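> got a sequence here, can you model it:
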Amino acid sequence: MGFFSKLFGKEQKESLDKGLEKTRENVFTRITKAIAGKSTVDDDVLDQLEEILVSSDVGVTTTLKIIERLQARVAADKYIGTSQLNNLLREEISDLLQANYKDLDEQNYFKPAKKPYVIMVVGVNGVGKTTTIGKLAHQFKLAGNSVLLGAADTFRAAAVDQLTIWSKRVDVPIISQGMGADPASVAYDTMQAAQSRSADVVIIDTAGRLHNKVGLMNELGKIKRVMQKVIPDAPHEVLLVLDASTGQNAIEQARQFIAVTEVNALALTKLDGTAKGGVVIGISDEFKIPVKYIGVGEKVEDLQIFDRREFVDSLFKETSLS
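Down below sits the predicted model:
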């Protein structure tokens with residue numbers, strides 16, 4: 001078992017199981033109804049399964065991949081009982097996720113090899129971006145890192161205030177200039193402070209709005225350029241925060257941000273409040289960018305490292321289609 005699996009204690013696993021409860025019930029209750037009275041997986045079962053997965057926000061592209069793989073297995077095996085559908089789905093979803101995570105299974109995200117490790121956080125307002133930053137700062141600190149926050153979302157006064165509240169709550173320093181300040185200037189000051197204080201981890205907030213793509217590209221590009229004047233290879237991580245409860249809208253937001261900046265990690269929040277947890281599978285598969293963190297509750301520790309094995313296990317927990 002890799003680092004991810006070691007990280008999951010009993011409480012974390014219980015939180016994940018509970019967080020995916022609505023998705024699990026939504027998907028598998030409907031599948032159970034779809035196969036009622038049938039003994040084998042046929043075209044009708046697969047058609048209904050396709051509709052269920054799409055409406056559960058797995059996404060059309062990813063759903064078609066899953067259905068095509070199941071069709072191939074049905075054709076090869078000639079006879080597949082409906083009682084086997086649960087295990088087949090588990091295997092196909094695991095295989096889809098495998099490609100994006102095979103090189104990450106032994107990494108300890110909270111012990112970065114490069115210091116200062118600079119994370120630039122992007123995402124629209126309301127997705128839980130500030131909360132995610134606060135929880136990440138707390139967990140990096142618990143892992144023994146010195147953490148510094150940068151309040152470069154200067155578009156809204158509330159954004160700076162909220163991040164300041166989180167900095168006090170988790171007891172980590174913050175660099176800010178207030179509403180209306182140049183975001184790049186805040187990022188530059190934060191980089192300089194990180195160097196002078198020998199910070200291990202730097203987390204930079206950015207404007208939480210989807211304005212026109214040119215404006216977004218210019219702003220994020222400027223922030224990156226000034227960071228690199230101080231730390232040439234910064235940012236090491238561009239973390240896009242998405243609200244899982246918005247389903248397909250989250251996928252569209254991902255598409256827009258990925259088009260204008262080099263997103264290399266994803267965080268999906270609010271999984272505990274939605275039946276649309278399938279969006280984790282769709283986003284991961286469509287964009288080939290790993291989901292690093294998922295939010296499954298309000299507590300600080302409910303922001304978890306995404307473990308594809310534990311996710312699939314919780315998604316299929318105690319589910320029987322026989």
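
> by contact count, what packs against whichever strand or helix holds residue 52?
For residue 52, the host element (DSSP states H and E) is helix 43-55. Secondary-structure packing of helix 43-55 (3 or more Cβ pairs under 8 Å, 6 or more residues apart in numbering; DSSP states H and E): helix 21-34, helix 60-77. (Glycine included, C-beta is placed from N, CA and C.)

> now the angle from it to helix 21-34?
Angle of helix 43-55 versus helix 21-34, following axes from the mean of the first three to the mean of the last three Cα atoms, to 10 degrees, is 160 degrees.

> off-centre distance for helix 43-55?
The gap between where helix 43-55 is centred and where its chain is centred comes out at 26 Å by Cα atoms, centre = their mean, to the nearest Å.

> which residues sit against that helix?
For helix 43-55, contacts defined as Cβ atoms under 8 Å, 6 or more residues apart in numbering pick out 27, 30-31, 34-35, 38, 60, 62-64, 66-67, 70-71, 74, 82, 85, 278.

> now swap in stretch 304-322 and tell me
4-5, 7-8, 12-13, 15-17, 19-20, 23-24, 27-28, 31-32, 35, 82-83, 85-86, 89-90, 93-94, 97-98, 101, 109, 268, 277, 280, 290-296.

> of these, keep whichever come out buried.
For the contacts of stretch 304-322, a burial check counting by 16 or more other Cβ atoms under 10 Å picks out 4, 8, 12-13, 15-17, 19-20, 23-24, 27-28, 31-32, 35, 82, 85-86, 89, 93, 97, 101, 109, 268, 277, 280, 290-296.

> out of those, which sit inside helices?
Using DSSP state H, the members of those that fall within helices are 4, 12-13, 15-17, 19, 23-24, 27-28, 31-32, 85-86, 89, 93, 97, 101, 280.

> before we move on, the earlier item: least reliable of the helices and strands packed on helix 43-55 going by mean pLDDT?
Per-segment mean pLDDT for the helices and strands packed on helix 43-55 reaches its minimum on helix 21-34, at a mean of 83.
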